[in-house]
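Participant: Need a 3D model of the sequence below.
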Amino acid sequence: MKVALYQDAGRTQVVLTPESEWERRIVTMLGKETAPTRILHGEFYACQGGWTREHDLALGSGPADNSLLLVLDKSNGGA
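Facilitator: Numbering: from 1, shown residues only. Now for the predicted structure:
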């Protein structure tokens, strides 16, 4: 995924350009108003064993408060 941050004339944009089918599905999911989305500040890092850890922090509560996480939860779809 190509990511661009652009600021001009008081407007800031985050541009996501997908490069694979999986990334296209994520961008489509982000574009749906019905997708429950949370914006968190915290840690996001690789751990031993080949997996990734996510840790939500209260803003400014730790030295590793360096990631912005957009969390997309699957919609219930009326189920």
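Participant: only C-alpha atoms for contact and neighbour calcs from this point on.
Facilitator: Will do.
Participant: strands paired with the helix or strand encompassing Glu43, and their directions?
Facilitator: Using DSSP states H and E, Glu43 sits in strand 37-46. Strand pairing for strand 37-46, determined by DSSP bridges: strand 52-56 (antiparallel), strand 67-72 (antiparallel).
Participant: looking at these, which has the lowest confidence?
Facilitator: Mean pLDDT per stretch puts strand 52-56 lowest among the strands paired with strand 37-46, at a mean of 68.
Participant: State the mean pLDDT of the strand holding Glu43.
Facilitator: Across strand 37-46, the average pLDDT comes to 76.
Participant: okay, now the domains of this protein?
Facilitator: Domain segmentation of the chain under automatic domain parsing yields 1-31, 34-79.
Participant: ok, so what distance separates the residue most central in space within the chain from Leu30?
Facilitator: Nearest to the mean C-alpha position of the chain, by C-alpha atoms, centre = their mean, lies Leu70 at 2.9 Å. Plainly put, Leu70 is 9 Å away from Leu30 if you go by C-alpha to C-alpha, to the nearest Å.
Participant: again, but for His41
Facilitator: 18 Å.
Participant: now do Gly42
Facilitator: Gly42 is 20 Å from Leu30, by C-alpha to C-alpha.
Participant: of these two, who's got more company?
Facilitator: Gly42 (21 against 16; other C-alpha atoms under 10 Å).
Participant: so what's that one bridging to?
Facilitator: Note on Gly42: beta-bridge partners by DSSP bridges are Asp56, Ser67.
Participant: likewise Val71?
Facilitator: Arg38.
Participant: For it, the count of nearby residues, please.
Facilitator: Neighbour tally, Val71, other C-alpha under 10 Å: 13.
Participant: Would you check that it makes contact with Arg38?
Facilitator: Yes. Between Val71 and Arg38 there is a contact under C-alpha atoms under 8 Å: 5.0 Å.
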